[in-house]
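# I'll drop the sequence and a predicted model, then ask my questions.
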2 protein chains.
Amino acid sequence: MSRRVYLAGPDVFLPGFGAEIFAHKKRLCTARGFEGVSPMDNELETSGIEPFEHGLAIYRANVELMRTCDAVIANMTPFRGVSMDTGTAFEMGFMLAAGKPVLGYTNVVENFYDRSQRYYAANAHAALDSYSAHTSIERFDMADNLMMVGAVEACGFKVVRTAVPPGRELEDVTGFKACLDQLARHWNE
Amino acid sequence: MSRRVYLAGPDVFLPGFGAEIFAHKKRLCTARGFEGVSPMDNELETSGIEPFEHGLAIYRANVELMRTCDAVIANMTPFRGVSMDTGTAFEMGFMLAAGKPVLGYTNVVENFYDRSQRYYAANAHAALDSYSAHTSIERFDMADNLMMVGAVEACGFKVVRTAVPPGRELEDVTGFKACLDQLARHWNE
């Protein structure tokens, strides 16, 4: 049976729930002899249930899917703020504690520190968290918060940082392919 | 031996690495018969090492601390974007997979959906992720992304949402105390 790779990322928020990019990523997995598993692979019966319960049903389905997977490749591209998507960060922590390889890529090459500086310089925090203006910014020459970068490194991998054409930051899969390369080497060792 | 509660949150980015708020939270834990454990409780030897390696050392120390803890109470207050701090989200996922109770509080009562709408309306995304403008926003009547809210609910708890005085969003511990109440009931059952 093929090894299963959980496809984590804000890809689910792209038009059509990211169907196109997930199909692409799955083809790339198949070409390696792996099976790509998308959070959208669930069949959920949600008609007539309240939004909050709907959200919980998706949560439960995602956790069950992760338990069936052997690794995670996370799209760590910044999303709605300085950092990557928080649901994806959660999933990286989950898979790390489950003892499974954690990999990730980002299509924004700017450092976490520089993005944070820019967030405050542009006054973007005024819209959401003006109360954070006096906080310190970690400066570790990393792509994102040290927990996620640390997890990838602790698993023996590197966060893949790729400069992509403007507007393609959420869709480009160059970094995803490089993660598959790392994972294939890891599993063939 | 007292049960150990990991104090996750962006509190570490407050002045003095959050020493004041961590001391306060620890006293509240002690009053319950628990032991509060802060990410700052590590003694790290970091003189002369590169920033990236320094970040990895903190990561390793935090993971080791989490392994010694019996539960996590996360400060889920939005931080540098629509969502909560990503390192904290990672830690919630880690503790969930480790089979430990996951609790959380936020000092911003506005829904995730409404915050996201406001992020785009205020053009705040222009500073960091203009490429996300065409993405869909989940609408599940939740405080944050469904993975973290789902984790808290799956553990049998509720995310505590508290309206606090402006400017006190990162420091107020009313919600933290309510989480301790939930955890005490859980452990006494």
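In hand now; what should we look at?

# Residue most distant from the centroid, chain A?
Distance from the centre of chain A peaks at A:G48, with 30.3 Å (Cα atoms, centre = their mean).

# which residues does the residue in chain A that chain B sits nearest to contact?
In chain A, the residue found nearest to chain B is A:G81; the distance is 1.4 Å by Cβ to the nearest Cβ. Yep, even glycine has a C-beta here, placed from its N, CA and C like the rest. Taking Cβ atoms under 8 Å, 6 or more residues apart in numbering or on different chains as the criterion, A:G81 is in contact with A:Y119, A:L128, B:R80, B:G81, B:V82, B:S83, B:Y119, B:L128, B:D129.

# these two touch, right, A:V109 and A:V160?
No. Using Cβ atoms under 8 Å, A:V109 makes no contact with A:V160, being 10.3 Å away.

# Of the two, which one has the most company?
The neighbour comparison of A:V109 against A:V160 (other Cβ atoms under 10 Å in any protein chain shown) goes to A:V160, with 22 against 11.

# Give me the contacts around the lengthiest helix in chain A.
As assigned by DSSP state H, the longest helix anywhere in chain A is helix A:51-68. Outside helix A:51-68, the residues that touch it by Cβ under 8 Å, 6+ apart are A:4, A:6, A:37, A:39, A:41-42, A:44, A:46, A:49, A:72, A:91, A:94-95, A:98, B:96, B:138-142, B:146-147, B:149-151, B:153-154.

# Can I get the buried part of those as one PyMOL selection?
For the buried members of the contacts of helix A:51-68, the matching PyMOL selection, counting by 16 or more other Cβ atoms under 10 Å in any protein chain shown, is:
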select buried, (chain A and resi 4+6+37+39+72+91+94+95+98) or (chain B and resi 96+138+140+142+146+147+149+150+151+153)
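
# where in chain A is pLDDT low?
Along chain A, no part satisfies pLDDT under 70.

# Tell me the buried residues in stretch A:91-107?
For stretch A:91-107, by 16+ other Cβ under 10 Å, it's A:91-98, A:100-107.

# send the alpha carbons of that stretch over as CSV?
What follows is stretch A:91-107, C-alpha atoms only, in CSV (Å, rounded to 0.1, in the frame of the first residue of the first chain):
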residue,chain,number,x,y,z
GLU,A,91,-1.8,20.1,11.8
MET,A,92,2.0,20.2,11.8
GLY,A,93,2.0,20.0,15.6
PHE,A,94,-0.4,17.1,15.5
MET,A,95,1.7,15.1,13.0
LEU,A,96,4.9,15.9,14.9
ALA,A,97,3.5,14.5,18.1
ALA,A,98,2.2,11.5,16.2
GLY,A,99,5.8,10.8,15.2
LYS,A,100,5.3,11.4,11.5
PRO,A,101,7.6,13.4,9.1
VAL,A,102,6.6,17.1,9.0
LEU,A,103,7.6,19.0,5.9
GLY,A,104,6.7,22.5,4.6
TYR,A,105,7.2,25.1,1.9
THR,A,106,6.4,28.7,1.5
ASN,A,107,6.1,30.8,-1.6
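
# wait, does it contact chain B?
Yes. Using Cβ under 8 Å from any Cβ of the partner chain, stretch A:91-107 comes into contact with chain B via A:E91, A:M92, A:G93, A:F94, A:M95, A:L96, A:A97, A:A98.

# out of those residues, who's nearest B:D181?
For the residues of stretch A:91-107 next to chain B, the minimum distance to B:D181 (Cβ to Cβ) is 25.3 Å, reached by A:G93.
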